[in-house]
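[1] what follows is a predicted protein model with its sequence.
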Amino acid sequence: MALKALKQYRRIVVKIGSALLVDRASGLKRAWLESLGDDIAVLATAGVEVLVVSSGAIALGRTVLAMPKGALKLEESQAAAATGQITLARAYSDVLERRNLRAGQILLTLSDTEERRRYLNARATIETLVKLGAVPIINENDTVATSEIRYGDNDRLAARVATMMGADLLILLSDIDGLYSASPHLDPNARFLPLVEAITPEIEAMAGAAASELSRGGMKTKLDAGKIANAAGTAMIIASGTRLSPLAAIDRGERSTLFKPSTEPVSAWKTWISGNLEPAGRLVVDDGALAALRSGKSLLPAGVREVQGNFQRGDTVAVMSLEGREVARGLVAYDAADAVRIAGHKSNEITAILGYDARAAMIHRNDLVVRGMKMHDEPRMADG
C-alpha cells in the first residue's frame, strides 16, 4: 500500500502535539498554525473533511499564566487548561475564518467515548458539525478530567475519534518523522521504516518512551493509536510537524511512516468494543477457552480461571491468557461478584449457583473481539 495523495481520502483526522503549537518562551506558534490553516483550506476545497485533535491547552495555559517549569499538580494542570483552551480555540477560529472556514470546539472526557450512549451522542454532534461545513477542533476536557478518568494522551484520543467518525486516515503530527527500529537520538544506526504492514510485538518493541515536557505522548502511545485505528480499517501516518505546512509536506512525499489498515475491519459495534481504552476488569482463561474463542465461540464460565477487578454487567473487560497476554476484549454478562461465583463452572450449573435464570456465556461472541481475528458480527443494538 503506497501513500496516496491526501486529496484522495474522504475524511482525515489530524492530531497535533503540544510541542508543535506552543513555544515555552513565546507561547503560541502563530506562523505554524497559519500554515496548517492553509493546508486544511486546500484539503477542504478538494472536498476532504478534516477533523483536528489538538493538544496544547495546558502547555499554552501554563505559558500564559507564567507557571514554572516542571510537573504540575492536577489542579494546576486544570487551571492551565482552563486558560489555555480559550486562547487555543480563539486562535483556531481566527486562522480558519481568514480562509472562509468555521471552527467548532469539542471537549471530550474518557466517558464520552467509553460509554456507549455518550459515544453515540458525541459522534452525532461531530457529524453534524462536519455536515454544516465546520472544522471540529477536538481536545480532551482537561479542566474536569482526573488522572483516573482521562485518556492520558491525545494520540489514543485521536484514534478513538478517527474510528468513531469513520475516518479513512489518521495523521499524527509530532516532533519525530516516523517509526525507527530504535531511537534515532540514541542509536545512529537506527533504521527508518516508511511502511508498517502490521503492528506486531517486534514493532512494539521498537517504541521508545521519550516524550517532551510539553506533551504526554511517546512512540508507544502512537503505536497504541495505530492498533485502534488499523483494526477499524483506518490508515495511520506518523509524520514530523515541525516544518511549516506539515500536511503539504506529507502530500509531496516528505518522510513519514504509513501504517496499513486491516483489510477486514470489524463492525462499528466491535470497533467500539475493541477500542475501549480502559477495561473495567480482566478475565483470565485457560487454553481450552482460548481455543474456543479463536474458533469464534462465546466465552463460557467453565474456561475462566480468575476474575480481576470490580466491574458491572455490560462493562468492557479484557480477556487474558494464563501467560498474562490480552487475547480478547468484550462486554461481560455478569457483574464481578457473580462472575467470581460461576467461574470454572459449567453453564448448566449457573442457575443453581446464582439462584436465578442467567445467560450461559460470560461474554457472548457478538460482544467479543478476539485479537487478530476477522470479525463481522453486526451489532445487536442500533448505532444511532
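    Perfect, I can see it now.

[2] how about the contacts made by P136?
    L51, V52, A103, G104, Q105, I106, I126, L129, V130 (Cβ atoms under 8 Å, 6 or more residues apart in numbering). (Each C-beta comes from the backbone N, C-alpha and C, glycine too.)

[3] again, but for N189
    Contacts for N189 (Cβ under 8 Å, 6+ apart) come out as A182.

[4] quick check: which element contains it?
    N189 is part of no helix or strand, with elements assigned from DSSP states H and E.

[5] now do it, the pLDDT please.
    N189 carries a pLDDT value of 88.

[6] cool, and the one 10 residues further on?
    The predicted structure scores I199 at 88 on the pLDDT scale.

[7] quick one: it is in a strand?
    No: according to DSSP: H, G, I helix; E, B strand; the rest coil, I199 belongs to no strand; its state is coil.

[8] the stretch 251-384 of the chain: strands as residue ranges?
    Under the criterion DSSP state E, counting those that start in this stretch, the stretch 251-384 of the chain carries strands at the ranges 256-259, 281-285, 304-309, 316-320, 326-331, 368-370.

[9] what's in contact with the first one?
    Taking contacts as Cβ under 8 Å, 6+ apart, the residues outside strand 256-259 that touch it are 1, 3, 177-179, 192-196, 199, 226, 229-230, 235-240, 250.

[10] need the max-distance pair from the contacts of P136.
    Q105 and V130 (13.8 Å; Cβ to Cβ).

[11] picking that back up, out of the contacts of strand 256-259, which end up buried?
    3, 177-179, 193, 196, 199, 226, 229-230, 235-240, 250 (16 or more other Cβ atoms under 10 Å).

[12] does anything pack onto the helix or strand of the chain with the lowest mean pLDDT? Which helices or strands?
    Least confident helix or strand of the chain, by mean pLDDT, DSSP states H and E, is helix 268-275 with a mean of 72. Applying 3 or more Cβ pairs under 8 Å, 6 or more residues apart in numbering; DSSP states H and E, one finds that helix 268-275 makes contact with helix 154-164, helix 219-231, strand 326-331, strand 368-370.

[13] 7 Å instead?
    helix 154-164, strand 326-331, strand 368-370 (3 or more Cβ pairs under 7 Å, 6 or more residues apart in numbering; DSSP states H and E).

[14] got the buried residues for it?
    Taking 16+ other Cβ under 10 Å as the criterion, helix 268-275 shows W269, K270, T271, W272, I273, S274, G275 as buried.

[15] quick one on the thing from earlier: need the winner for burial among the helices and strands packed on helix 268-275.
    helix 154-164 (a mean of 28; mean count of other Cβ atoms under 10 Å).

[16] how far is that helix from where the chain is centred?
    3 Å (Cα atoms, centre = their mean, to the nearest Å).

[17] partners of the helix or strand just after it in the sheet?
    Next along the chain after helix 154-164, taking DSSP H and E as the criterion, comes strand 169-174. Paired neighbours of strand 169-174 in the sheet (DSSP bridges): strand 11-16 (parallel), strand 235-240 (parallel).
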